[in-house]
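In: below: sequence and its predicted model.
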Amino acid sequence: RNGSWDCVACTFRNAPFSSLCEVCHAKPGKHILTFPPMSNLRFGVEIEIIIPNGRADGFTEEIIAQRLTQMGTRVTFCGYTHQTTNHWKIVTD
């Protein structure tokens, strides 16, 4: 099986690992593996970049952010921060 489960209250076949029946909102049996909804799940990706002679060649964090934005992906330079954003950001260590 793929993790889907049949509700004992209304017999609806529910999506894999859902924590409540989509039709009658009944809980699955204790033997059913479920996960709570994670609608606010966010994650980050960290990429370490070292650019030899970067500043001497004109590569600042601001310029890199501008160039990536021009290529179609919104990127901002934020300095040192742990603030979450809805876009890519460049930060310093």
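Out: That came in fine, so what should we check first? Numbers count the residues shown, from 1 in each chain.

In: what segments of this structure are strands?
Out: For the chain, the strands defined by DSSP state E occupy 5-6, 13-14, 75-79, 88-91.

In: which among these is found nearest to L41?
Out: Nearest of those to L41, taken as CB to CB: strand 88-91 at 17.6 Å. (Glycine included, C-beta is placed from N, CA and C.)

In: convert the C-alpha atoms of that closest one to PDB, please.
Out: This file holds the C-alpha atoms of strand 88-91, laid out as PDB (Å, rounded to 0.1, in the frame of the first residue of the first chain):
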ATOM      1  CA  TRP A  88      16.700  34.100  -1.800                       C
ATOM      2  CA  LYS A  89      19.100  36.100   0.200                       C
ATOM      3  CA  ILE A  90      22.900  36.600   0.500                       C
ATOM      4  CA  VAL A  91      24.200  36.900   4.000                       C
END
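
In: helices and strands around it, which ones?
Out: helix 61-70, strand 75-79 (3 or more CB pairs under 8 Å, 6 or more residues apart in numbering; DSSP states H and E).

In: starting at the chain centroid, how far to that strand?
Out: Centre-to-centre, strand 88-91 and its host chain are 15 Å apart (CA atoms, centre = their mean, to the nearest Å).

In: that one pairs with which strands?
Out: strand 75-79 (parallel) (DSSP bridges).

In: the strand it pairs with to helix 61-70, inter-axis angle?
Out: 160 degrees (axes from the mean of the first three to the mean of the last three CA atoms, to 10 degrees).
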